[in-house]
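Engineer: Build me a model:
(2 chains)
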Amino acid sequence: MKIYISAFVFILWSIQVSAQDFNASLFGCKSDGVTNNVGSIQYAIDYIAKKGGGTLHFYVGRYVTSGFSLKSNVHIELHEGAVLVGSSNIYDYQQIDGRYTLISGVGQQNIQIKGLGVIDGQSKALALHVRSLKEKGLLSSEFAMDKVSQLYFSKTSNIAIEGIMQINSLGALNSFVDCQSIKLRKLEINSPQSNAVVLLNSSQVNLSDLFFKSTKQALVQEGTNSNVLKTNCLLANGKSI
Amino acid sequence: MKIRFALLTFLSFILVNFVSAKEYNASLFGIKSNGTTLNTTSIQKAIDFIHEQGGGTLRFFVGRYLTGTIILKENVHIKLEEGAILVGSTNIYDYNIETPNCALVYANKANNISIRGKGVIDGQGRDLAYNLLGQIHSGIIKDPLDYDRPRNRRPKAIYFRECENVAIHSITIKNAADWVQVYDQCVNTVVDSITVDSKAFWNNDGIDIVDCKNFKLLNSFIDAADDAICLKSHDATKRCENIEIRNCVGRSSANGIKFGTVSAGGYKNVRIINNKIYDTFRSVFTIATPDGGIVEDIVVDSLQGINVGNPFYLRIGARWNKGREGAIRNILIQNVKVEVSKDKPDIGYDYEGPVEDYPRNMSPSGIVGLKNVPIADVTFRNIELVYPGDANPHYAYRGTTKAALDSIPEMENSYPEFSQFKELPAWGFFVRHAKNIKFENVTLTLKESDYRPAFVFDDVQGFNLSGIKYLGAKTKKEVVANNSKREK
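Structural biologist: Coordinates of the predicted model:
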């Protein structure tokens, strides 16, 4: 009997451990707005994934980063005042499926980005960099600015993006390709040059309480998408999408 | 005869002064300017020696003088000549971390002390703070890590407590790990012609004047990540009294000139004359008294705000007041011009202010007391404010009906900032729980249209508007009053 109880307690304990919380600073992330933290952030995500999952917490501050990849069961919490700042160097973005991505998830499950924080793509500075590279011939003149994605998911299921503000992206803010079970809730999107939500062959998409301050298009659907639900999704002029 | 005697007395006076103000070069004590030798013990020996000799000046010439905490003693003066840099060690164990308010230059009950010259104090605060954080993560130092940053033991560049006759002149202070410089319960202090350049880490207040009496901050330039010029009151039995802030320029990723946040005792007779605030994230001038402090007899004259987040925020709260009622009364604010930026005013600075309290459109100036604890006798005279407007009611909306106004929470125990209520129902001034508030010759310019009125008065017993001009975009109604009395 005792053994059963202790086994039960052990199981409970291990469940709790698998949902552990980690502060960004534990991995050497700096909130100074100048240090590029990609090494620390990617290491943190891989580390938490190996531990069976958990939440990486970012508190108030500006965390500059290059492109990084999310893993199954790793959640990101951006607390109020925390800003993930995309690098202004196009070479810092991950090339996936012909796109340049800041935050990506490919073939993963159970992904969350939550909180009251911000993801800032620094589109102005990034566009300047792209233009200067084109002028020098270091980047093909055909390079399209809208190839840069803020959040890009492919073949990933059970994704929740909630509460945050997404700003200043060159290309689409939220792209889903062959994804299932997507929840976007309570987002404020302010990015004049880019599409906010792009769906390609994805299903069970729940969009609610979204506010599009400025975007090119709020919702773009390509291929065959099914079960796309929209609740209280408003454009700046007050109209629903 | 009389003249000869006077002359002799005068000469001997000079001689005595000269002897007591003897100068010592740093090298005399083996202090090295190479930037790598840790000089803590040599500098401390020099200070102790000079103190025992009855006082004098320790002079540092050009070079980098690496050091941990040094403790100033009575009658000891530090002279940092041009090119001399007192460089703070990045090893946290080189500081007096077991003392509350540890600092690179520390003094407690030491009278007649000064730091002068065109040299620099560089706290190397970012590396120092991150090294401290490393010690916390390795478990050697215990700390609760508020907002994922060390709560305790971050050294200030200067901390002077209960000192009399203090002078800080001409120096540049850079890169603290916490508040840059703190004068706590000091009497007769002059800080003149200094430069603060500190965006090194969180809580880099430019200068903190805490419960001081007879304090002058003059002709200084302060660029700091947190509040630029800050008056505080930590002791409920003390207060800041007879304070003059004149001819200063400030820049901050928080507030320009602030009273608080900790305001236990209060502030009396403060004159803030001819100052300029620019590229500042929050308010140009703010008084926060959430802890029972009494704020009275304050004059702000000739203040300019360029590219800032908010003009004014006056707030009584009830946070750590332990039953004592705070007060803000007899405040004169005149000859002020402020331009509020549509974009983030501190963009590009290290440790930018946090994007918070959303959704909200541009926040107005606020004068917000508590129910039955009104802010009293405030006059705004000759004021020009420019607001960007462009508020979107679909994004954030607060109406002006009685019900809508009543729905604004009191938030008496929250951290007081101009944005704390999120959306407010006015674009110019929101005044609540106040009495005898006068606006004379106030020009409000709105750049783009706003769905809100310029003024909202809610529970204001006696407000007076004279010579109010509205320029730029028009709003439907300029003044809304609820449960308030307007006086002609």
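Engineer: residues in contact with residue B:476?
Structural biologist: By C-beta atoms under 8 Å, 6 or more residues apart in numbering or on different chains, the contact set of residue B:476 is B:451, B:453. C-betas here are computed from N, CA, C, even on glycine.
Engineer: Count the residues that sit near the residue in chain B that chain A sits nearest to.
Structural biologist: Residue of chain B nearest chain A, by C-beta to the nearest C-beta: residue B:354 (2.9 Å). Residue B:354 has 22 neighbours, counted by other C-beta atoms under 10 Å in any protein chain shown.
Engineer: So which residues on the stretch 201-350 of chain B come close to chain A?
Structural biologist: For the stretch 201-350 of chain B, the contact set with chain A under C-beta under 8 Å from any C-beta of the partner chain comprises B:201, B:202, B:349, B:350.
Engineer: Quick check: the first one touching residue B:131?
Structural biologist: No: look at residue B:201 against residue B:131 with C-beta atoms under 8 Å: they stay out of range, at 11.5 Å.
Engineer: Let me know the distance separating residue B:188 from residue B:43.
Structural biologist: Using C-beta to C-beta, to the nearest Å, one gets 25 Å for the distance from residue B:188 to residue B:43.
Engineer: Tell me which of the two has more neighbours.
Structural biologist: residue B:43 (25 against 17).
Engineer: Now do the SS call for that one.
Structural biologist: With DSSP: H, G, I helix; E, B strand; the rest coil as the basis, residue B:43 sits in helix.
Engineer: now it, nearest residue through space, not along the chain?
Structural biologist: residue B:70 (4.9 Å; C-beta to C-beta, 6 or more residues apart in numbering or on different chains).
Engineer: residues near the one you found, how many?
Structural biologist: Per other C-beta under 10 Å, the neighbour tally for residue B:70 reads 24.
Engineer: Quick check, it in contact with residue B:106.
Structural biologist: Yes: Residue B:70 is within contact range of residue B:106, at 7.2 Å (criterion: C-beta under 8 Å).
Engineer: need the contact list for residue 160.
Structural biologist: Unless you meant another one, I'm taking chain A. Residue A:160 neighbours (C-beta under 8 Å, 6+ apart): A:111, A:112, A:113, A:114, A:182, A:183, A:184, A:185.
Engineer: my question was about chain B
Structural biologist: Counting by C-beta under 8 Å, 6+ apart, residue B:160 touches B:72, B:106, B:107, B:108, B:110, B:113, B:166, B:182, B:183, B:184, B:186.
Engineer: If we use 10 Å, what do you get?
Structural biologist: B:72, B:101, B:103, B:105-110, B:113, B:115, B:166, B:168, B:181-186, B:189, B:212 (C-beta atoms under 10 Å, 6 or more residues apart in numbering or on different chains).
Engineer: now residue B:422
Structural biologist: Residue B:422 sits in contact with B:356, B:357, B:358, B:359, B:360, B:361, B:363, B:396, B:398, B:408, B:409, B:411, where contact means C-beta under 10 Å, 6+ apart.
Engineer: so how many other residues sit close to the nearest residue to the second one once chain neighbours are set aside?
Structural biologist: Nearest-residue entry for residue B:357: residue B:419, 4.0 Å, with adjacent residues in sequence omitted and distances by C-beta to C-beta, 6+ apart. Close neighbours of residue B:419, defined as other C-beta under 10 Å, add up to 19.
Engineer: Might one say that residue B:419 is in contact with residue B:366?
Structural biologist: Yes: if you go by C-beta atoms under 10 Å, residue B:419 and residue B:366 touch, sitting 9.3 Å apart.
Engineer: which neighbours do the two share?
Structural biologist: Joint contacts of residue B:419 and residue B:366 (C-beta under 10 Å, 6+ apart) are B:283, B:310, B:313.
Engineer: From residue B:383, how far off is residue B:443?
Structural biologist: In this view, residue B:443 and residue B:383 are 7 Å apart by C-beta to C-beta.
Engineer: got a list of what the closest residue in space to residue B:454 that isn't next to it in sequence touches?
Structural biologist: Distances taken as C-beta to C-beta, 6+ apart put residue B:428 closest to residue B:454, at 3.9 Å, once the chain neighbours are dropped. Residue B:428 sits next to B:311, B:364-365, B:385, B:387, B:439, B:442, B:444-446, B:450, B:452-456, B:468, B:470, B:475, B:478-479 when contact means C-beta under 10 Å, 6+ apart.
Engineer: Which among those residues count as buried?
Structural biologist: Listed as buried from the contacts of residue B:428 are B:311, B:364-365, B:385, B:387, B:439, B:442, B:444-446, B:450, B:452-456, B:468, B:475, B:479; burial here means 16 or more other C-beta atoms under 10 Å in any protein chain shown.
Engineer: Just name the shakiest helix or strand of chain A by mean pLDDT.
Structural biologist: helix A:2-18 (a mean of 54; mean pLDDT, DSSP states H and E).
Engineer: ok, back up a step: does the residue nearest to residue B:43 have any beta-bridge partners, and if so which?
Structural biologist: Note on residue B:70: beta-bridge partners by DSSP bridges are residue B:105.
Engineer: Does it touch residue B:107 like I think?
Structural biologist: Yes: the pair formed by residue B:70 and residue B:107 meets the contact definition of C-beta under 10 Å, at 9.4 Å.
Engineer: Need the residues touching each of the two.
Structural biologist: Common neighbours of residue B:70 and residue B:107, counting by C-beta under 10 Å, 6+ apart, are residue B:47.
Engineer: Just send the contacts of residue A:160 back as TSV, with distance to chain B and secondary structure too.
Structural biologist: As requested, the contacts of residue A:160 are exported to TSV (distance: C-beta to the nearest C-beta, whole Å; DSSP: H, G, I helix; E, B strand; the rest coil):
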residue	distance to chain B	secondary structure
A:111	22	strand
A:112	19	strand
A:113	16	strand
A:114	15	strand
A:182	23	strand
A:183	20	strand
A:184	17	strand
A:185	15	strand
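Engineer: which of the residues you listed lies closest to residue B:148?
Structural biologist: Nearest to residue B:148, judged by C-beta to C-beta, of the contacts of residue A:160 is residue A:114 at 16.4 Å.
Engineer: Parallel or antiparallel, list what pairs with the longest strand along chain A.
Structural biologist: Criterion DSSP state E: the longest strand present in chain A is strand A:203-214. Looking at strand A:203-214 with DSSP bridges, its partner strands are strand A:180-185 (parallel), strand A:188-190 (parallel), strand A:226-235 (parallel).
Engineer: What about whichever residue of chain A sits closest to chain B, how many residues nearby?
Structural biologist: When scored by C-beta to the nearest C-beta, chain A has residue A:81 as its residue closest to chain B, at 2.9 Å. Neighbours of residue A:81 under the rule other C-beta under 10 Å: 22.
Engineer: Next: the one 5 residues further on.
Structural biologist: Around residue A:86 sit 26 other residues, with neighbours defined as other C-beta under 10 Å.
Engineer: Mind splitting chain B into its structural domains?
Structural biologist: Domain assignment for chain B by automatic domain parsing gives B:22-204, B:255-488.
Engineer: how about these in TSV, adding mean pLDDT?
Structural biologist: Converted to TSV, the domains of chain B look like this (pLDDT from 0 to 100):
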stretch	mean pLDDT
domain B:22-204	98
domain B:255-488	97
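Engineer: on that earlier part again, top of the contacts of residue B:422 by neighbour count?
Structural biologist: Neighbour counts for the contacts of residue B:422 peak at residue B:363, which has 26 neighbours (criterion: other C-beta under 10 Å).
Engineer: Would you check that residue B:120 makes contact with residue B:198?
Structural biologist: No: contact criterion C-beta under 10 Å: residue B:120 and residue B:198 do not qualify, at 11.6 Å.
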